[in-house]
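Colleague: coords please:
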Amino acid sequence: MPTLASAPVAATRNSARVRYREEVTAPDSAEATASAVPAGDASTPDASAPAGPTAEASVPEATAPAGSAADASGPAGSTVALPEADVSAAVETDAAPESGADDEAAAIFAPDTTPDTAPEAQWAEGASGGTPLTWVDAVEIARHPATEALDDTPPAASGGALLTGAHLRPAITRPGVLVPLGVLVGLLGTYVGSAMLWPLHEVAPAVQAVELTTIAAPAAAITWPAQGSAAVGIGGIGTTSSSLDAAAIASVTKVVSSLMVLDRMPLAVGEQGPEFSFTRADNLAYWDYRRSDQSALDVPVGGTLTEFQLLQGTLLGSANNYIDRLSQEIWGSPSAFTAAAEVWLRDRGLDDITIVTPSGFDDRNRATPESLVALAELAMQNPVFAGIVGTPSVDLPGAGTVVNTNGMLADPGVVGVKTGTLGDSWNLLTAKVITLDDTTVRLYASVLGQADDAQRLTETRSLFAQVETALEQLPPAVAAGTVVGTVTTPWGATTDVVTDADADVVLWNGATAQASTDFSLGDNRESGDEVGTMTSAGPLNTVTTSLSLADDVDAPSPWWRLTHPLELLGITAAQR
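Modeller: Residues are numbered from 1 along each chain as shown. Prediction:
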C-alpha cells in the first residue's frame, strides 16, 4: 500500500532558512479507493457506483512535518490519500538536518521524472530562520515598496525609513567640498567688493566738442539821405554805402594832406614841431584867399607858427593858406605834391580817392563815400591828428580864436573829423566813439553833396543812430544754453555741455565771431558744475563764457562694473 513519504532537509550550521519540498507518491487507483476511509470507520460503497477505479477523496489533509505531533485528522501512522489534482501541493517547514545529510537532501530535491510521482512543489508555510542582515527591518521592507518614489512622495513612503536613526552627513559638508567652496566664495566676494569700489580713473568720462556755428549779425538796413551820397561803417568790421560813385570832397582833402605832412615831419603828442615865419606878404596872400571865396586864416606878420599850429588852423579852421604853406615847404610845387599824394594813397589802398591840390579847392579832388570812411579810420589812428580834430576851438597867433567847423563835435561821443564845402555841395566826414558792453566801438560816417550844413549834420546823426540801434538789438553770437560739447562714458551715460550765458560779441552787417571751447571736466559730475570755458572772438571784442553740465553724469551700474574688470584696470582692447 503506497505511503506518503517525506524526508527532511538538513539545516546548515548557520541556521539559514532552507526551503524544501515534500515528495508525495501518488497511490494507484485501487489503493486510493481502499484508503479513502480511515481505519475503524467502515463504510459500504454506493452500489450505484460504476465499475472501474474508485473516486478519490475530495478533501486532502496536510501532512505534518517530520517530528511534529500527529495530525488531528487521523491517528499516527495512518495513510492519507491525496487527490491526484493536488499531488503537487508543497508545505514549507523548518528543518535542522544532521551533518552529512547533503546527499539525502540532494536525492530529495532531485525531481522524479515519473509522471505518477511528479507532483507540483510548494514552499512550506511558516518556515523561519536566522536574519543575516541585522540592520534590515523585515517589517519596514514589507511595508514599503522597493520601487523609486516620486519627488513629492514623503521619505517614509518611499522607503526612507529603512535608514531611520542612521547618522548621515550631507555631501556639501564634507571637507573636500567645503574648503574649495569657501575659497571660491571668498574670491568672489573680494572681486565683487573690488569691482564696486574701484576708482574710475582709467574709465573717466570724456568731453567731445560739437560743431558750433555762431550767429552772424543781421545785414545792415540803412535809410540813406535823399540827396547826395553817404556811407557808414564800424572800424574793424566794415562799411556800407549808398553809392559807389566818386564825388567832389572839397576841404575833406585836408585829411589826406595833413597826414602826408605828418608822415614827412612826424610829431609826437605835445610836440610843436618846426616854426615857420610870416611876413606882410603872407598877410596879403591871406586876403587873396578870402577874395577868391576860399577859407583862410590870418597869419602873425613878423611872427611864427609851428607845424602843430599850422595843422590846427588847417583842420579846425579849414585854412587853405596854412596847408598850402606846409605843402610848399615840404614838396616845393603843386605838381610835386600831386605826385606824392598819388603814391601815398596807393600805398594805403585808398584807390578811390583822387587828390590834385592839398587844400581841396578843386573839384578834381574826388572820392567815394566808402573810401572816405576808410580814410577817417586810418587818420584817427594818428594820435596827433586825432587830438587836433577833436578840439572844439583853439587860439592861434595872428588868427585869434579858431572854432572847429565840424558841428558834430557837440554830440556825445563825436571825436572829429573834417568838413568840406565847395559851391552848394556840403560834405562831412565824422568819427564817433561809443561803448557797448565795455567794448569801444568806433563809428564813421561820410555824407556828400548835402544842401547845407544843417542837412549834413542831420544825415550824419541819422546814420549813427541806425547803427547804434542795430548794435543794441544784436542777438548774441552764442546764446546761453547752447550745446557746445558732449560728455560720454564707457558705460554709455551721456550728457551735454552748455553755455552758462550769452556770448555778446560786437558784430554788424553780417559779421561773425569765432568760438572755441576749453573743457576741464575733472571730477565734476553733477548738473550745473562748471566744466570749462568758451571763447568767442569777434573783430572788436572777445567774450569768455563759462560752460556747465546740463545734467548729471550717471555713474556705472554694478553690473557694468562686474562685467568690465579690464576697463577698470585701464587695459584697452589694443593691449589685450
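Colleague: what's near enough to touch Ala340?
Modeller: By Cβ atoms under 8 Å, 6 or more residues apart in numbering, the residues touching Ala340 are Met260, Trp331. All C-beta atoms are positioned from the backbone trio N, CA, C, and that covers glycine.
Colleague: and it, what pLDDT?
Modeller: On the pLDDT scale, Ala340 is placed at 98.
Colleague: Let me know the helix or strand that it is in.
Modeller: Using DSSP states H and E, Ala340 sits in helix 334-347.
Colleague: Quick one: list the elements packing against the helix or strand just after that helix.
Modeller: Following helix 334-347 in sequence order, the next helix or strand is strand 353-354 (DSSP H and E). Where contact means 3 or more Cβ pairs under 8 Å, 6 or more residues apart in numbering; DSSP states H and E, strand 353-354 is packed against strand 366-367, helix 369-379.
Colleague: so which of the ones you listed gets nearest Ser241?
Modeller: Ser241 sits nearest to helix 369-379 of all those, at 4.2 Å, using Cβ to Cβ.
Colleague: Mind listing residues that contact the helix or strand following that closest one?
Modeller: Sequence-wise, the next helix or strand downstream of helix 369-379 (DSSP H and E) is helix 383-389. Identification of contacts with helix 383-389 by Cβ under 8 Å, 6+ apart yields 258-259, 262, 267-269, 271, 308, 311-312, 315-316, 379-380, 404, 406, 415-418, 431.
Colleague: how about low-confidence regions in the chain?
Modeller: Applying pLDDT under 70 to the chain picks out residues 1-138, 140-169, 171-173, 572-576.
Colleague: hmm, 90 instead?
Modeller: Where the chain drops to pLDDT under 90, the residues are 1-206, 437, 489-493, 522-525, 553-576.
Colleague: one step back: pick the most deeply packed of the helices and strands packed on strand 353-354.
Modeller: helix 369-379 (a mean of 25; mean count of other Cβ atoms under 10 Å).
Colleague: Which of the residues in the helix holding Ala340 are classified as buried?
Modeller: Phe337, Thr338, Ala340, Ala341, Trp344, Leu345 (16 or more other Cβ atoms under 10 Å).
Colleague: Select from the contacts of helix 383-389 every entry located in helices.
Modeller: Secondary structure from DSSP state H places Ser258, Leu259, Leu262, Phe308, Leu311, Gln312, Leu315, Leu316, Ala379 of those in helices.
Colleague: Which one (most neighbours) among those?
Modeller: Using other Cβ atoms under 10 Å as the neighbour criterion, Leu315 leads these with 30 neighbours.
Colleague: wait, doesn't it sit right on Lys418?
Modeller: Yes. Using Cβ atoms under 8 Å, Leu315 makes contact with Lys418 at a distance of 6.4 Å.
Colleague: Give me the common contacts of the two.
Modeller: Jointly contacting Leu315 and Lys418 under the rule Cβ under 8 Å, 6+ apart are Lys254, Val255, Val389.
Colleague: ok, the second one - contacts?
Modeller: This means Val255. Neighbouring residues of Val255 by Cβ under 8 Å, 6+ apart: Leu315, Leu375, Ala376, Ala379, Val417, Lys418, Leu429.
Colleague: Need the max-distance pair from those.
Modeller: By the measure Cβ to Cβ, Leu315 and Leu375 form the most distant pair in those, at 13.5 Å.
Colleague: show me where the stretch 401-550 of the chain has strands.
Modeller: Counting by DSSP state E, counting those that start in this stretch, the segments of the stretch 401-550 of the chain that form strands are 414-422, 425-436, 439-450, 483-488, 494-499, 514-519, 530-537, 542-549.
Colleague: As JSON lines, the ones you listed with distance to Leu566 and mean neighbour count would be great.
Modeller: What follows is the strands of the stretch 401-550 of the chain, written out as JSON lines (distance: least, Cβ to Cβ, whole Å; neighbours: other Cβ atoms under 10 Å):
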{"stretch": "strand 414-422", "distance to Leu566": "69", "mean neighbour count": "24"}
{"stretch": "strand 425-436", "distance to Leu566": "56", "mean neighbour count": "22"}
{"stretch": "strand 439-450", "distance to Leu566": "53", "mean neighbour count": "24"}
{"stretch": "strand 483-488", "distance to Leu566": "19", "mean neighbour count": "18"}
{"stretch": "strand 494-499", "distance to Leu566": "22", "mean neighbour count": "20"}
{"stretch": "strand 514-519", "distance to Leu566": "27", "mean neighbour count": "16"}
{"stretch": "strand 530-537", "distance to Leu566": "28", "mean neighbour count": "20"}
{"stretch": "strand 542-549", "distance to Leu566": "28", "mean neighbour count": "18"}
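Colleague: Leu474 is nearest to which of those strands?
Modeller: Relative to Leu474, the nearest member of the strands of the stretch 401-550 of the chain by Cβ to Cβ is strand 425-436, separated by 8.7 Å.
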